[in-house]
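Asker: Pasted the sequence and its predicted model underneath.
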Amino acid sequence: MSIVVPVYNSEKYIGTGINSIRNQTYKNIEIIIVNDGSNDSSLDIITKLKEEEPRITVISTENKGVSHARNTGLQVAKGKWISFVDSDDWLEKDFC
């Protein structure tokens, strides 16, 4: 399963959201985070999370909007199933 997370200036929420994905009871997931040109500390936060979590892939683009960020994530997704999670969302442990 691939989970695509578009991120734009989400420093207040992104850690909680990504950790809720990391803590899923279903472990066979890839987490694709697309930084959509954030100008806050979002990229620093997701870069640190990537260092801790091998299932995370980080892609950085110029700010082109959430649809572009989602499509960018879709281009690299390898999972049979795809889910989109907004950067300010969090998931229950059994979402996947």
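Answerer: Noted; the coordinates are in hand.
Asker: use CA for all of it now, contacts and neighbours both
Answerer: Fine.
Asker: mind checking how far Val58 is from Lys93?
Answerer: From Val58 across to Lys93, the span is 22 Å (CA to CA, to the nearest Å).
Asker: If you count surrounding residues, which of the two has more?
Answerer: Set side by side, Val58 and Lys93 show more neighbours around Val58, with 16 against 13, by other CA atoms under 10 Å.
Asker: Just give the nearest non-adjacent residue to the more buried one, would you?
Answerer: Nearest residue to Val58, sequence neighbours excluded (CA to CA, 6 or more residues apart in numbering): Ile33, at 4.9 Å.
Asker: who touches that neighbour in this structure?
Answerer: Ile33 makes contact with Val4, Val5, Pro6, Val7, Ile46, Ile56, Thr57, Val58, Ile59, Gly73 under the criterion CA atoms under 8 Å, 6 or more residues apart in numbering.
Asker: hey, where'd the strands end up in this structure?
Answerer: 2-7, 30-36, 56-61, 82-84 (DSSP state E).
Asker: The shortest one: which residues count as buried?
Answerer: What that stands for is strand 82-84. For strand 82-84, a neighbour-count test (16 or more other CA atoms under 10 Å) marks Ile82 as buried.
Asker: Show residues contacting that strand.
Answerer: So strand 82-84 is contacted by Met1, Ser2, Ile3, Val4, Val5, Arg70 (CA under 8 Å, 6+ apart).
Asker: list the contacts for Phe95?
Answerer: Gln24.
Asker: would you turn the strands of the chain into CSV with mean pLDDT and distance to Gln24?
Answerer: CSV is the format used below for the strands of the chain (pLDDT from 0 to 100; distance: least, CA to CA, whole Å):
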stretch, mean pLDDT, distance to Gln24
strand 2-7, 98, 11
strand 30-36, 98, 11
strand 56-61, 98, 14
strand 82-84, 97, 13
